[in-house]
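1. sequence unavailable; structure follows:
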């Protein structure tokens with residue numbers, strides 16, 4: 001080997017080693033800036049049922065149907081609710097009319113009738129007094145009998161009492177109803193108002209509405225079935241927003257924070273990457289006991305996290321595997337259009 005080669009070979013080896021070191025440093029430094037987690041689209045579902053009992057008259061959706069918030073999913077036979085509603089309205093109107101009558105008091109014609117009765121009783125009382133005076137004079141002169149006097153005295157007492165009763169009745173007519181009676185009528189009206197509102201609410205509850213956007217997973221009951229209040233009719237899978245569940249090790253726990261923006265990738269190449277936000281990090285470890293003695297077991301602890309995202313193209317499915325890519329060194333702020341952790 002020539003002296004020249006002896007000089008060139010070490011220089012080439014040193015250069016190659018430097019390049020390899022630089023490549024290793026660059027590649028591993030880039031990995032430290034990226035946190036990759038594996039997760040699945042979380043299954044979220046709700047059992048839907050009527051708030052009232054009845055017979056199912058209509059089922060408007062089937063399994064697999066996509067619904068929006070407020071869509072009518074099913075209806076009960078409304079005839080019983082409508083009959084009850086008409087009955088409650090009639091009872092409410094009756095109570096309102098009774099209260100109005102009590103507040104208005106007696107009609108002028110009724111008062112005039114009571115006054116006429118008083119005049120009639122006054123005339124009868126005056127005539128009875130005259131008859132008693134005549135019977136008294138006749139008895140004193142021995143021209144009349146004791147029986148005639150007794151009959152005249154009894155008639156006088158009777159007509160006097162009738163006159164007093166007519167006068168009291170007239171005063172009651174003019175005074176109107178008692179405040180206690182008016183308060184009672186007002187309370188009865190309030191009771192009928194409450195009963196009417198309950199009947200109206202029951203009629204509204206005869207329609208089963210979707211509480212939020214989602215997909216119908218199963219239809220539990222069929223048309224014509226009699227269901228009780230709260231009995232499951234549909235099972236709805238919630239799709240908005242989409243939750244992705246994943247787990248982060250204790251070693252990486254400090255690198256992820258609520259509100260951090262992440263990217264979501266699916267194994268299906270046709271699905272575009274989605275933007276998401278870390279919405280929840282569990283405060284307790286999972287899969288291992290709470291009391292851990294060795295350092296090896298402590299580093300094996302994992303914590304559940306939730307990533308919130310939107311699915312505008314409706315491509316995500318319950319349980320679908322997802323890859324979560326986070327940049328811990330990037331600024332912690334929600335991705336555009338994704339709800340923040342506080343909002344959820």
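-> Yep, it's here. Keep in mind that this is a model prediction, so the values were computed, not measured.

2. quick one: the strands in the stretch 1-150 of the chain, in order.
-> 35-41, 45-49, 54-59, 66-67, 72-76 (DSSP state E, counting those that start in this stretch).

3. next one: the stretch 201-344 of the chain
-> Using DSSP E, counting those that start in this stretch, strands in the stretch 201-344 of the chain cover 207-209, 214-219, 226-227, 232-238, 242-249, 261-266, 274-286, 302-309, 321-326.

4. and among those, the most buried is which?
-> Counting by mean count of other C-beta atoms under 10 Å, strand 302-309 has the highest mean neighbour count of the strands of the stretch 201-344 of the chain, with a mean of 22. In short, each C-beta sits where N, CA and C put it, glycine included.

5. quick one: strands adjacent to that one?
-> Strand 302-309 sits in its sheet next to strand 242-249 (antiparallel), strand 274-286 (antiparallel), going by DSSP bridges.

6. now do the host helix or strand of residue 156: which elements does it pack against?
-> For residue 156, the host element (DSSP states H and E) is helix 146-175. Applying 3 or more C-beta pairs under 8 Å, 6 or more residues apart in numbering; DSSP states H and E, one finds that helix 146-175 makes contact with helix 108-140.

7. just the buried residues of the helix it packs on, please?
-> Buried residues in helix 108-140, defined by neighbour count with 16 or more other C-beta atoms under 10 Å: 114, 117, 118, 121, 124, 125, 128, 131, 132, 135, 139.

8. reformat the strands paired with strand 302-309 as JSON lines; add mean pLDDT and distance to residue 267.
-> Putting the strands paired with strand 302-309 into JSON lines (pLDDT from 0 to 100; distance: least, C-beta to C-beta, whole Å) gives the following:
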{"stretch": "strand 242-249", "mean pLDDT": "89", "distance to residue 267": "13"}
{"stretch": "strand 274-286", "mean pLDDT": "87", "distance to residue 267": "14"}
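
9. list the buried residues in the helix or strand containing residue 188.
-> Using DSSP H and E, residue 188 maps to helix 179-205. For helix 179-205, a neighbour-count test (16+ other C-beta under 10 Å) marks 185, 188, 189, 192, 195, 196, 199, 202, 203, 205 as buried.

10. ok, back up a step: out of the strands of the stretch 1-150 of the chain, deepest packed?
-> Highest mean neighbour count among the strands of the stretch 1-150 of the chain (mean count of other C-beta under 10 Å): strand 72-76, a mean of 19.
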